[in-house]
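# Sharing a model prediction with you, sequence too.
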Amino acid sequence: MTLREFLRVSYQHKLLIVVFTLLAGAGAFLLAIRETPRYQASALVLLSDANVPSILTNTANPNANAQPDRIATTQAQLARVPTVARRALAIAGLDDRTPEGLIRASSVTADPTSDLLTFTVRDDRSGIAERLATAYAQAYVRYRYTVDSAPYVSANRNLVRRLAQLQAAGRTDSRLYDDLTSQQQQLQSLITLQTSNARVVKAAADASKIQPRPVRALAIGLPIGLLLGIVLSLLAHVLDTRARTLVGVGSALGIGALGWAPRPPRRFRHRLVMVSDPTSDYGESFTSLRTGVDLARRVHGGDVLLVTPLSRRTPGVKSTVVANLAVSFARGGLNVVLVDLDLRQPSLARLFGLKPANGLTEVLLGRTDVHGALVNIPLQAASQSGRKRKELDSVEFGGTLQLLPVATRPANPTDVLATRGVGVILEQLRSEADLVLIDAPPLLEGSDVAALSMHVDALAVIVELGHDRRGHLAEARRRLAASSATVLGFIGSGKEDGAGYSGDRFEVHDRLEAVR
């Protein structure tokens, strides 16, 4: 997918993206403000590698060659033992907490660039968080002192026990007793001079509020919602089987585009633009469509032209296109006969505001002849008045438009269309008109179009972009290939992705398609 296609798909699903972005942001914000308030406090402990016994005895410091970051990491892990947590709770004077709970609600981190340990405690109350953080640091300092002095205390205990044994044996005047006494005194001096290699340099104060943080949650939720909306829009695009572009439809059907019939603006949804306002932008689109169809007719022939939609997903669209196209041809100087052969849902009489007493069914039943059922259609709107009305009245188009409507729906439309009488009627109209334009049922519904194709010269298919499925195009291609009439091409309708009719404008892309 190119960047342009990505932007087109994103714009097409902009509502989905906006909705998910807002929902994710609002959801994160609401969840944040409903969280229980929680505070965090930290205390700092300075580590030291000084070794008093090694200084006094003029011996090498065992920690001299140790890596500083390794020492700090080791001390951070040492502070996480339950013994330190238990002592911290005792110092803080809290008997409603457990060492395991304190460990879960705290952390000890070593700064790789310094000899500092940071003791952090989280709690629902700011004062308790500060007290626990300071107590935790103090407990570690005391525990560190106990650990560092443990070897000397143990050695002193052994010397005391050995001296007691010599005294019991009456050997107090021996040289061994004098040496052990000297070592004991030295050990006691070392224990007395022993200091802790850690001390609290900053007690916890000014606990910060770590939740709820609605602004932070909103800043996280909005991008997540935006990303989710984009992913879903791309997924919807991939799974969407609707025909979206003229190029894609032409490739699937194996035929070219005759032109573009945009969706009617609101004011033209119940009336024909080529009758009421043919000079509008919407009316000009049918003039362009007429040019494309006329060029194809001149190349392939087609005095009797059948226009059929792919399916009946949007009622009235195809009849509106056919009716406006017929008026456009008549305004172009042709004698046009418009025939309503959609016996299942006839709508041409309603579009022209007629309630005919006779129609195609009555002609087939012999109740009237063709001329008795034809209705003359004026090429200007009867409601126009003033200067514009006088100007239109003075225009001589040179063409006429007659309508053969359906006054009575037959009970068996397919059988009626397959009768020889329909072919006879069309042959008679062919001989009397320059163009016979037929409004036919949908191509993929029943066999009506297949039956009518034997009586017409050419046919054109209306494809509703955004509604007709790509799977339908494959079936339509098969039926068009089996048709006995020449397939002139297809007429695009609806709205094409990235191009096409937008508002009241006709895009350049569609005009080029119509000319092609």
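Noted; the coordinates are in hand.
# For stretch 283-294, what is the distance to the chain centroid?
Its chain's C-alpha centre and that of stretch 283-294 lie 37 Å apart, by CA atoms, centre = their mean, to the nearest Å.
# Residue 152 reaches residue 189, doesn't it?
No: using CB atoms under 8 Å, residue 152 makes no contact with residue 189, being 10.0 Å away. Every C-beta, even on glycine, is put in place using the N, C-alpha and C of the backbone.
# and these two? which has more neighbours close in?
More neighbours surround residue 152 than the other of residue 152 and residue 189, with 15 against 12 (other CB atoms under 10 Å).
# Using the three-state scheme, assign that one.
helix (DSSP: H, G, I helix; E, B strand; the rest coil).
# where's it relative to residue 159, distance?
Distance, residue 152 to residue 159, using CB to CB, to the nearest Å: 11 Å.
# any shared contact partners between those two?
Counting by CB atoms under 8 Å, 6 or more residues apart in numbering, the shared contacts of residue 152 and residue 159 are residue 187.
# Report how many residues lie close to residue 463.
Counted with other CB under 10 Å, residue 463 comes out at 27.
# And residue 406, by the same measure?
So residue 406, with other CB under 10 Å, has 25 neighbours.
# try the one 4 residues further on
Counted with other CB under 10 Å, the neighbours of residue 410 add up to 16.
# part of a strand, is it?
No: counting by three-state DSSP, residue 410 falls outside a strand, being coil.
# Contact partners for residue 241?
469-471.
# now the residues you listed as a markdown table including pLDDT?
Shown next, in a markdown table, are the contacts of residue 241 (pLDDT from 0 to 100):
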| residue | pLDDT |
| --- | --- |
| 469 | 79 |
| 470 | 79 |
| 471 | 82 |
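# What segments of the stretch 201-350 of the chain are strands?
Remark: strands assigned in the stretch 201-350 of the chain by DSSP state E, counting those that start in this stretch are 208-211, 257-262, 304-309, 335-340.
# Go through these and name the closest to residue 233.
Closest of the strands of the stretch 201-350 of the chain to residue 233 is strand 257-262, at 24.6 Å (criterion: CB to CB).
# report the angle between the axes of that closest one and strand 304-309?
Strand 257-262 and strand 304-309 are oriented at 50 degrees to each other (axes from the mean of the first three to the mean of the last three CA atoms, to 10 degrees).
# Show me this protein divided up by domain.
Domains of the chain are assigned by automatic domain parsing as 36-211, 241-515.
# For these, could you give me a markdown table that also reports distance to residue 26?
Formatted as a markdown table, the domains of the chain follow (distance: least, CB to CB, whole Å):
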| stretch | distance to residue 26 |
| --- | --- |
| domain 36-211 | 18 |
| domain 241-515 | 30 |
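# From residue 464, how far out is residue 244?
11 Å.
# Then residue 216?
Counting by CB to CB, the gap from residue 216 to residue 464 is 48 Å.
# Number of residues surrounding the closest residue to residue 160 other than its chain neighbours?
What sits nearest to residue 160 in space, not counting adjacent residues and going by CB to CB, 6 or more residues apart in numbering, is residue 184, at 6.7 Å. Residues near residue 184, counting by other CB under 10 Å, number 17.
# got a list of what residue 184 touches?
Per CB under 8 Å, 6+ apart, neighbours of residue 184: 156, 159-160, 163.
# Identify those among these that sit within strands.
Residues of the contacts of residue 184 located in strands (DSSP state E): none.
# Can you add pLDDT, distance to residue 122 and neighbour count and give these back as TSV?
Below are the contacts of residue 184 laid out as TSV (pLDDT from 0 to 100; distance: CB to CB, whole Å; neighbours: other CB atoms under 10 Å):
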residue	pLDDT	distance to residue 122	neighbour count
156	78	41	19
159	82	46	17
160	83	46	14
163	82	51	18
